[in-house]
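*Asks:* Sequence and predicted model, in that order:
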Amino acid sequence: MVTMPQTRKDVKERLRIYRRAEAQRIILIERREKMLAELRQTNTDPRTPNHALDEISATLTSQIREQDNMMLEAVELMARLPSGSMERIIVELRHIEGLSWAEISSALSLSKSPLFAYYGNALDMLGESLSAENKAPST
């Protein structure tokens with residue numbers, strides 16, 4: 001089986017999943033709370049089981065867990081970078097904290113040239129790690 005190397009673009013897309021999943025998770029939590037509150041208001045007899053309430057809660061909770069898992073995958077990818085390394089710090093600030101390049105540059109007292117060099121190194125390191133993982137024989 002031939003595996004494609006992980007490009008910087010591929011790695012960036014996997015890292016961006018964190019912020020998208022985090023935003024979707026917040027939406028789902030708010031939606032679940034709103035829908036459950038509305039259903040509770042319409043159920044005037046507390047002795048009557050509301051199966052719709054249970055189903056909606058279970059479905060949205062499952063979707064929230066999916067987003068949690070996507071966030072975890074992105075964090076696990078970032079954890080492949082050496083702990084405390086400038087590459088890891090920059091990736092975490094960018095993809096977990098959601099800071100702009102200017103904010104990261106200011107926070108780390110780095111000009112943009114070395115900042116982007118560290119970021120590029122991080123993407124290359126992660127791409128190599130993912131490619132090696134894909135090449136490893138499965139048992």
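*Replies:* Right, received. Where do you want to start? Numbering: from 1, shown residues only.

*Asks:* now Ala122: how far from Lys112?
*Replies:* Going from Ala122 to Lys112 by Cβ to Cβ, to the nearest Å gives 15 Å. (Each C-beta comes from the backbone N, C-alpha and C, glycine too.)

*Asks:* Could you check which of these two is surrounded by more residues?
*Replies:* Per other Cβ atoms under 10 Å, whichever of Ala122 and Lys112 has more neighbours is Ala122, with 26 against 12.

*Asks:* I would like the residues contacting the helix or strand where the more buried one lies, please.
*Replies:* Using DSSP states H and E, Ala122 falls within helix 112-135. Here helix 112-135 makes contact (Cβ atoms under 8 Å, 6 or more residues apart in numbering) with 3, 5-8, 10-12, 14-15, 77, 80-81, 86-88, 90-91, 94, 101, 104-105, 108, 110.

*Asks:* Give the burial count for Ala21, as a bare number.
*Replies:* Neighbours around Ala21, by other Cβ under 10 Å: 20.

*Asks:* Give me the nearest residue to it, chain neighbours excluded.
*Replies:* Met70 (3.9 Å; Cβ to Cβ, 6 or more residues apart in numbering).

*Asks:* Checking that neighbour next. Helix, strand or coil?
*Replies:* Put simply, Met70 is helix when judged by DSSP: H, G, I helix; E, B strand; the rest coil.

*Asks:* Could you list the low-pLDDT ranges of the chain?
*Replies:* Low-confidence segments of the chain, defined by pLDDT under 70: 1-5, 44-49, 136-139.

*Asks:* Would you state the helices of it in chain order?
*Replies:* 8-42, 51-78, 86-95, 101-108, 112-135 (DSSP state H).

*Asks:* Please tell me how far the most centrally placed residue in the chain sits from Glu73.
*Replies:* Nearest to the mean C-alpha position of the chain, counting by Cα atoms, centre = their mean, stands Tyr18 at 1.7 Å. According to Cβ to Cβ, Tyr18 and Glu73 sit 9 Å apart.

*Asks:* now Ala58
*Replies:* 23 Å.

*Asks:* Neighbour count for those two, which is higher?
*Replies:* The neighbour count for Ala58 versus Glu73, taken as other Cβ under 10 Å, is higher for Glu73 (14 against 10).
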